[in-house]
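I'll drop the sequence and a predicted model, then ask my questions.
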Amino acid sequence: MRRPLSIKLKLTLWITGFMTLTALACLGVIMVLRGRVARYEAFHTLNLTLRANIPELSMDSGRLVISQDFTFYANDVYLLIYNKKGALLAGQGPPAFSVETPLESGIAKSVSGEDEGFFILDFWIPSGWEDGVWLRGVMKSPDNRRVFGNIFTVFFIAAPLFLLCASGGGYLIARRALAPIVGIGEAAGSISGGQDLTRRICLPSASREVSELANAFDCMFERLEQSFEAEKRFTSDASHELRTPVSVILAQCDYVKKHGDTLEEYEEAVEVIGRQARRMSLLIERLLDMARLDLGTQKMKTEAVDLSRMASVLCQELDTGDRGISITSEIQDGVFIQGDPFLISRAVSNLMENARKYGKEGGQIRVKVSVCEGEGRKPSGAGGRKGSGAVAVLQVEDDGIGIASEDLDKIWQRFYQAEESRQSGLGLGLAMVRQIVGLHRGTVRAESVRGQGSCFTLMLPVDRCGILNNK
């Protein structure tokens, strides 16, 4: 397969071809304008010369009187005087000019002789009502063939030098313009070949377009680095989390094989194995859900969601009395948002289940839904976007063990669990809440006091259309 031409060579050829066409176009314009300019200048000279000599002619009793200041040849113009019948009275035209050429007053025209052309201009000079004379100006037209030949000669002598300069200049321009692109390619190849995603291209001195391209590559490398780091952390954490239940299952299996003498021991081992298997199944299900959200394979079905009704239904469904914890609600009616009902419901239920899990025995969970006018605050350690206008606010508050202040920024990380809560949960619930809220252009934050409880606040843009349609 033939190797394609480089961009520098293509640009050089394009510039050279463009300059060649430009030079040919300029030559054509010169040729056209040269003839027109010569004709205009000739007629202008004829007009001025004739008018300068008209006052030097007069008639006296039918006789022509020519002043001594009259000039029969001036400014390359031959002056001829005719009577009213067209007979030549005075003056001599240039060789090869036919003096019988018809007279037309005030009309400049060109005529051809035997070997050359002429420009002529006639004026009728009246004397009385019926008498007068004709004054004609004749001027040789330039030899266009010789002029054009000289132009072509100069052009074809200068053209090679001109095209050589155009090619050299085009190559230098292309080389200089593409030098940053070559640098970007080399840097990208170095980063790819060395697997060093921490390197950046950084071209601050380049042109705006190239700097934007370099910045785009740097952003891409940064995202790749973050993705690879997240993948490594994810793989490490997942393998660590799965290792524990697998180890427990294997240990139980070995114990039963060696020491399982009674039915009670077998039942106890099966119960432990089942519990660990369910934990693994839940972990895998959560990991798959988060992977689908990360990859975008779980499509969002955006519609108007009645957050008030959703929160009320979830409060009723989850108020099971487990551990003696009750759920109270303070919900403003008619709070609508735009989003995926399933994902929003998942986020809210995760917050409520998290509150039940870490709430105190016989305690209380308080759920509030309202609309806040003004600018939403971006929480620390949570995803989301700063925005203005009305936001829907959902709060889930418990009176449980609380979260230490140094852990508040970490609870949104996958698999992270505070020391006192490591025996329950997977450490994925809050990470999924943050992910879902971020997809809906919202924010989520946590406030907590150790030993007194925690309050999670979820904020999403209000859907005004949904509110109006349901009034």
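Looks like it came in fine.

so how far is residue 216 from residue 252?
Relative to residue 216, residue 252 is positioned 54 Å away (CB to CB, to the nearest Å). Yep, even glycine has a C-beta here, placed from its N, CA and C like the rest.

higher neighbour count, the two?
Neighbour tally, residue 252 and residue 216, criterion other CB atoms under 10 Å: the higher count belongs to residue 252, 18 against 12.

Just the pLDDT for that one.
With respect to pLDDT, residue 252 scores 80.

same check, this time on residue 18
At residue 18, the pLDDT value in this model is 82.

start the count at 45, not 1, going forward
All right, first residue 45 from here; so that's residue 62.

Let me know the helix or strand that it is in.
If you go by DSSP states H and E, residue 62 is part of helix 51-97.

which outside residues touch the following helix or strand past that helix?
Tracing the chain past helix 51-97, the next element assigned as helix or strand by DSSP H and E is strand 101-104. Contacting residues not belonging to strand 101-104 are listed as 108-111, 114, 125, 169, 171-172, 175-177, 179 [CB atoms under 8 Å, 6 or more residues apart in numbering].

Just among those residues, which is most surrounded?
In terms of neighbours by other CB under 10 Å, these top out with residue 179 at 25 neighbours.

Nearest residue to it in space, please, no chain neighbours.
With CB to CB, 6 or more residues apart in numbering as the measure, residue 167 is the residue that lies nearest to residue 179, at 4.9 Å, once sequence neighbours are left out.

Could you verify that that neighbour is part of a strand?
Yes. Membership of residue 167 in a strand is supported by DSSP: H, G, I helix; E, B strand; the rest coil.

Check the gap between it and residue 85 for me.
From residue 167 across to residue 85, the span is 19 Å (CB to CB).

my guess is residue 366 contacts residue 400, does it?
Yes. Between residue 366 and residue 400 there is a contact under CB atoms under 8 Å: 6.6 Å.

Compare neighbour counts for those two and give me the winner.
The neighbour count for residue 366 versus residue 400, taken as other CB under 10 Å, is higher for residue 400 (19 against 9).

which SSE is that one in?
For residue 400, the enclosing helix or strand under DSSP H and E is helix 385-402.

Confirm residue 126 sits in a helix?
No. Read with three-state DSSP, residue 126 is strand and lies in no helix.

Near it, how many other residues are there?
19.

Please name the residues that touch it.
By CB under 8 Å, 6+ apart, residue 126 lies in contact with 132-133, 147, 177-178, 180.

Now the buried members of these.
Buried by 16 or more other CB atoms under 10 Å: 147, 177-178, 180, out of those.

Please, which helix or strand holds residue 201?
Element membership for residue 201 (DSSP H and E) is helix 188-238.

helices and strands around that helix, which ones?
Packed against helix 188-238 by the contact rule (3 or more CB pairs under 8 Å, 6 or more residues apart in numbering; DSSP states H and E) you find helix 51-97, helix 252-303.

any idea how far it is from the chain center?
Relative to the centre of its chain, helix 188-238 is centred 29 Å away, using CA atoms, centre = their mean, to the nearest Å.

pLDDT-wise, which helix or strand of the protein ranks last?
In the chain, no helix or strand scores lower on mean pLDDT, DSSP states H and E than helix 508-513, which sits at a mean of 58.

does residue 177 have beta-bridge partners, and which?
residue 127, residue 169 (DSSP bridges).

these two touch, right, it and residue 124?
No. At 10.4 Å, residue 177 does not count as touching residue 124 under the criterion of CB under 8 Å.

picking that back up, now do the residue nearest to residue 179 against residue 309, distance only.
Distance, residue 167 to residue 309, using CB to CB: 137 Å.

Same question for residue 226.
Counting by CB to CB - residue 226 and residue 309 are separated by 73 Å.

Residue 403 now?
To residue 309, residue 403 is 35 Å away according to CB to CB.

Also residue 366?
30 Å.

Then residue 452?
Residue 452 sits 44 Å away from residue 309, going by CB to CB.

which of the two has more neighbours?
Set residue 452 next to residue 309 and count neighbours by other CB under 10 Å: residue 452 wins out with 19 against 13.

what are the phi and psi angles of the more buried one?
Dihedral angles of residue 452 (phi, psi; degrees, to the nearest 10) stand at phi -60, psi -40.

ok, the closest residue to residue 497 other than its chain neighbours - contacts?
Once flanking residues are discounted, residue 497 sits nearest to residue 443: 4.1 Å by CB to CB, 6+ apart. Shown in contact with residue 443 (CB under 8 Å, 6+ apart): 403-404, 407-408, 496-497.

Distance check, the residue positioned nearest the centre of the chain against residue 224.
Nearest to the geometric centre of the chain sits residue 256, at 9.6 Å (CA atoms, centre = their mean). As for residue 256, its distance to residue 224 is 11 Å (criterion: CB to CB).

ok, now residue 58?
The gap separating residue 58 from residue 224 is 20 Å, by CB to CB.

So for those two, which sits in the more crowded spot?
Ranked by neighbour count (other CB under 10 Å), residue 58 and residue 224 place residue 224 first, with 19 against 12.

before we move on, the earlier item: out of the helices and strands packed on helix 188-238, which is closest to residue 204?
Nearest to residue 204 among these is helix 51-97; the distance by CB to CB comes to 10.9 Å.

so where's the stretch 195-344 of the chain uncertain?
222, 227, 231, 234-254, 270-271, 273-285, 288, 326-327, 330-343 (pLDDT under 70).

quick one: average pLDDT of stretch 163-176?
The predicted model assigns stretch 163-176 a mean pLDDT of 87.

Just the CA coordinates for stretch 301-319, please, in CSV.
Provided in CSV are the C-alpha atoms of stretch 301-319 (Å, rounded to 0.1, in the frame of the first residue of the first chain):
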residue,chain,number,x,y,z
LYS,A,301,-16.0,-32.2,56.4
LYS,A,302,-13.7,-32.8,59.4
HIS,A,303,-15.9,-32.2,62.4
GLY,A,304,-19.5,-32.3,61.2
ASP,A,305,-20.9,-35.1,63.3
THR,A,306,-24.3,-33.8,64.2
LEU,A,307,-27.2,-32.4,62.2
GLU,A,308,-27.0,-29.1,64.3
GLU,A,309,-23.5,-28.6,63.2
TYR,A,310,-24.4,-29.1,59.5
GLU,A,311,-27.4,-26.7,59.8
GLU,A,312,-25.2,-24.1,61.5
ALA,A,313,-22.6,-24.4,58.7
VAL,A,314,-25.3,-24.1,56.0
GLU,A,315,-26.7,-21.0,57.7
VAL,A,316,-23.3,-19.4,57.8
ILE,A,317,-22.6,-20.3,54.2
GLY,A,318,-26.0,-19.0,53.1
ARG,A,319,-25.5,-15.7,54.9
